[in-house]
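Participant: Predicted model and sequence below, questions to follow.
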Amino acid sequence: MIHFVVLISRQGKVRLTKWYSPYSQKERTKVIRELSGLVLNRGPKLSNFVEWRGLKVVYKRYASLYFCMCIDPEDNELEILEIIHHYVEILDRYFGSVCELDLIYNFHKAYYVLDELLIAGELQESSKKTIARLIAAQDSLVEAAKEEANSISNIIAQATK
Amino acid sequence: MGSQGGFGQSKEFLDLVKSIGEARSKSEEDRIILREIETLKRRIVEPDIPKRKMKEYIIRLVYVEMLGHDASFGYIHAVKMTHDDNLLLKRTGYLAVTLFLNEDHDLIILIVNTIQKDLKSDNYLVVCAALNAVCRLINEETIPAVLPQVVELLGHQKEAVRKKAIMALHRFYQKSPSSVSHLISNFRKKLCDNDPGVMGATLCPLFDLITIDVKSFKDLVVSFVSILKQVTERRLPKSYDYHQMPAPFIQIKLLKILALLGNGDKHASGQMYTVIGDLMRKCDASTNIGNAVLYECICCVSSIYPNTKLLEAAAEIISKFLKSDNHNLKYMGIDALGRLIKINPDVAEQHQLAVIDCLEDPDDTLKRKTFELLHKMTKSSNVEVIVNRMIDYMISVNDFHYKTEIASRCVELAEQYAPSNHWFILTMNKVFEHAGDLVDIKVAHNLMRLIAEGFGEDDDAADSQLRSSAVESYLRIVTEPKLPSAFLQVICWVLGEYGTADGNYSASYITGKICDVAEAYSSDETVKAYAITALMKIYAFEIAAGRKLDILTEFQSLIEELAASHSTDLQQRAYELQAVVCLDAHAVECIMPSDASCEDIEIDITLPFLNSYVQQSLQNGAQPYIPEDARTGALSVSSFSNQEHRETSSHGLKFEAYEMPKPPVPSRPPPVSISTDLVPVPEPSYSRETHVSPPVLSASSSGSSELKLRLDGVQKKWGRPTYSSSPTSSSGVSPSPANGASKVEPAAPSTSRPRETYKDSKKAEVDPEKQKLAASLFGGASKSEKRASSTSHKASKGSSHSTGTSSVSKSSVPSTSEVKSPPQPLPDLLDLGEPTVSTIVPSADPFMQLEGLLDHDESGSTGSNAALDSTAKVPDIVSLYSELQVSGHDSSSTISPLSSNGSNNKNLKRTVSGGSPQGMKGPNLKEALEKDALVRQMGVNPTTQNPNLFKDLFG
């Protein structure tokens, strides 16, 4: 299973973290420090896998952002690499040419997307379309709720005038 | 959709994110966040915060937490937000709690109720949000609270809900298998769900279930095979395609399951052969995902009952992986090779040079994987080369975890395959010297035992030779600074036991060395204890031999220091030593017989000599001894834990108050034991040598009425023998672990090759040194090593061939005649030139092809020269791709041939599917500019420190 997902920028700044195995806040900080030391310093031609504390970290760089996933030793690294890519493609479709800035300001949305892709450290859905549909449904519901709230407050405002 | 909607937060929050973005150091970032925490702490407790505002605060808390700071003051507000009726807020609340709380957090109990309610909601999105939270937050205790509802949701009309319900049950199974054991039939049922997403999700729990209990799922083999068949025949909806592969993630999961089901089962495996064979044949090896599936196929093939055809296909794929320029594929190839050689050890031989290249690779990951492979293919014939390599690498790494791992591997291999005891000792010395604190102390004990017991045969001369070589090596090593504790213990023990045995070194020389050790490592009590016992032995041997003692001043001061030590054990040893030095030769010989560490010591654990004392005490009114497990205090503890265990397994929160704890009945341990149970004497942190005990004991028991003496006796008796781990520890004849290999002759000089020259010789196509290494790693496997040295004599066998190839191997000129020769197996070691030739020819080929392709592209497509150059350098064609698009506004039809062409070479980030989403979007450049404008409008101007922020992630 996937133990955690971490997105770090090339400068070592954290952009997103999701933990599927229990880690205390202290451990999390340590993990991120160790990982950024490990991953950011690797050359471009090397493999995308790093062994780390008996587990494996699969990472991939997109522009200046590193997507890292930590997995069990017996997992298929190439598959995880493609799961990362799958996630990026979904983000790309959702944000429209996703860039790092999108994720910086909309990290909560990136979380929502991730929650539809992975659950409890396993891949739950491999169809891009299904995920896009679900997220869209959630977003539209949110929009609807917003409108509703506005209209109600308008009514109240008018009534109380 | 799109990012524009995301900037709905307040200026304040955007400023925060911006200032974090501009922070130039971690400490600056921390300062900003600490300020933010203060602000939030103040704001969040204000009365009547509008909900929208509250939502933003929660998101800000998430941000703070994400950057590694503690936001626990706001957890409760996130929990409250989950109670909200508005889905927008509820969703934010759930997101925040799943990110904040671990499953053992106290606040969980406040959420369970909300989750229960939400699972019943008629809005499926609310149910989905709740199920997401269930997967993260529900722990063993709270499973029963939501289990019935989750099971009900398996029949929900929305597939998204069914899928998440399945995943939730899977999570429950991981947390507490017993809680869902009655639901296994549901998993089976869901395998036939109409929705492929639900079916795919069901594979996760099934995989776990099958891992544990293969037998009861054998009937599903047919179903899995037919599902896999349907998937490969593209019967699933198009939306599951990924880079033109039909549902590859589901394929991989299925292959994993089949690997389990077919393991060691000829019948079940028989049903799989066709579909796996088809899959391997059809699979597109040009994409990364295709290779992922192929790799999984190899794993499956090597796990199920062997099938020659499939194994051949697997070997072919492996050789493709290994020949690839892509490090990822090489890595997978090495891993796959490791799996395959378990079935067919000969596979490795054709890849020897590729393996050695990987071993030399600058990529640490690849190197480690290769060591893993070498570990798997170690035999007594190549153990020396492999272990030496491992040790060299071990010395070079700093990573604590990996060092431990590789050290234990070295030890394991050395113990299993050591060609000679001498080699074993030297190897262990190296391991201890460089990673001594990381290896298990048992290994040190084993080493001492090996030296003590020698070969196990009655060859005293060889034994003593072994010992003196050990002593010699230790005397050399001991002067080095900063040796690990475990190694020093071995050194002290061996020097004490055998330092003076062969008469090469005088007692004063050895004692001087030992005193130095005790002084240099004065903070390590264990080492000091070993040192002082070693001193005692040496003096005892000297006295017994009737020689005059030559007491050093260091020794005197050491003894004085230790006699006043805080450690009672060291004190006692020092006093014992002082006493021994004053005894006469005969007494000393009784106490410290020379070379008696392997002698059996009979211990009568009933302590009969104490019976009279016990009787007397009892008559005087002492309490009888109560065995440990019968004591009331201990009893109540264990029963309590039992109870606790029962509670958790019956899953239910217990809401009544706990019973009042019973005050444990005070039981003073009576001074003397009469039963056979041991008094729990606190063990000393290190063990004592066994042979010390009986004489001392008898001496002490002579005055048995005194309390102090009795305690001494007990402690010595119970003190573990130095190498208690092994049952044969005290029998001199037991075979040592290395003995299995002792018939193997010491290695021929050809196998141990000088490393320096090896490193110097750079990338010659066929490096003779490399071949030599290959020979010692692989070739030695089937032939005896002696061959290499006697090549010239045996050349008469097939002289024309063997000499021909060997010359090729050195000059690295593949001539046609040699290319033809491979099928002829040559009995000579140097025929290693032959596989080289065969590997070089094809490996050069794809490259040429690639160049051809690129040329072709250049002339054919709209791409500029520069763009093509960049593809040739970087393994990422995406940049080229986007450039193409910007300049040409190409339709996907011109792109796909390009990318699929290029993909023959390297893994592409986005080979083919890239075409579709990008086709829908406008040019990246424009979008980025729009975003930029928008951000500026918002008043957020990320400075130019990181211009990449606007860069499309794919660009």
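Facilitator: Alright, I've got the coordinates.

Participant: Would you agree residue A:60 falls within a strand?
Facilitator: Yes: Residue A:60: assigned to a strand according to DSSP: H, G, I helix; E, B strand; the rest coil.

Participant: Show the pLDDT at it.
Facilitator: At residue A:60, the model reports a pLDDT of 92.

Participant: Alpha carbons of stretch B:361-369, in PDB - could you do that?
Facilitator: Extracted C-alpha coordinates of stretch B:361-369, given in PDB (Å, rounded to 0.1, in the frame of the first residue of the first chain):
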ATOM      1  CA  ASP B 361      26.300   2.200 -11.800                       C
ATOM      2  CA  PRO B 362      26.400   5.600 -10.100                       C
ATOM      3  CA  ASP B 363      22.800   5.200  -9.200                       C
ATOM      4  CA  ASP B 364      22.600   3.900  -5.600                       C
ATOM      5  CA  THR B 365      19.200   2.500  -5.900                       C
ATOM      6  CA  LEU B 366      20.200   0.300  -8.800                       C
ATOM      7  CA  LYS B 367      23.400  -0.700  -7.000                       C
ATOM      8  CA  ARG B 368      21.500  -1.800  -4.000                       C
ATOM      9  CA  LYS B 369      19.000  -3.800  -6.000                       C
END
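
Participant: list the buried ones in it?
Facilitator: Residues B:361, B:363, B:364, B:365, B:366, B:367, B:368, B:369 are the ones in stretch B:361-369 that count as buried (16 or more other Cβ atoms under 10 Å in any protein chain shown). Using the backbone N, CA and C atoms, a C-beta is placed for each residue, glycine as well.

Participant: Nearest to residue A:71 among those?
Facilitator: residue B:365 (13.6 Å; Cβ to Cβ).

Participant: got the phi/psi numbers for that closest one?
Facilitator: phi -60, psi -50 (degrees, to the nearest 10).

Participant: Then residue A:44?
Facilitator: Residue torsions, per degrees, to the nearest 10, at residue A:44 are phi -70, psi -30.

Participant: What are the boundaries of the strands in chain A?
Facilitator: A:2-9, A:14-19, A:49-52, A:55-62, A:65-71, A:118-119, A:122-123 (DSSP state E).

Participant: CSV for these, including distance to chain B and mean neighbour count?
Facilitator: Formatted as CSV, those follow (distance: least, Cβ to the nearest Cβ, whole Å; neighbours: other Cβ atoms under 10 Å in any protein chain shown):
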stretch, distance to chain B, mean neighbour count
strand A:2-9, 7, 22
strand A:14-19, 5, 20
strand A:49-52, 5, 21
strand A:55-62, 4, 22
strand A:65-71, 6, 24
strand A:118-119, 5, 24
strand A:122-123, 5, 23
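
Participant: want to throw those into TSV with distance to residue A:27?
Facilitator: Shown next, in TSV, are the strands of chain A (distance: least, Cβ to Cβ, whole Å):
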stretch	distance to residue A:27
strand A:2-9	10
strand A:14-19	9
strand A:49-52	13
strand A:55-62	13
strand A:65-71	12
strand A:118-119	20
strand A:122-123	22
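
Participant: out of those, which comes closest to residue B:85?
Facilitator: Among the strands of chain A, strand A:118-119 sits nearest to residue B:85 (Cβ to Cβ), with 24.7 Å.

Participant: what are the pairing partners of that closest one, and which direction each?
Facilitator: strand A:122-123 (antiparallel) (DSSP bridges).

Participant: that older thread, from the buried residues of stretch B:361-369, which are also near chain A?
Facilitator: Filtering the buried residues of stretch B:361-369 for proximity to chain A by Cβ under 8 Å from any Cβ of the partner chain leaves B:363, B:365, B:366, B:368.

Participant: Please narrow those to those residing in helices.
Facilitator: Using DSSP state H, the members of those that fall within helices are B:365, B:366, B:368.

Participant: ok, the closest residue to residue B:335 other than its chain neighbours - contacts?
Facilitator: Leaving aside its chain neighbours, residue B:335 sits nearest to residue B:369 (5.9 Å; criterion: Cβ to Cβ, 6 or more residues apart in numbering or on different chains). Counting by Cβ atoms under 8 Å, 6 or more residues apart in numbering or on different chains, residue B:369 touches B:331, B:334, B:335, B:358.

Participant: Now for the residues you listed: which two are most distant?
Facilitator: With Cβ to Cβ as the measure, no two of the contacts of residue B:369 lie farther apart than B:335 and B:358, at 10.8 Å.

Participant: Thanks a lot, catch you later.
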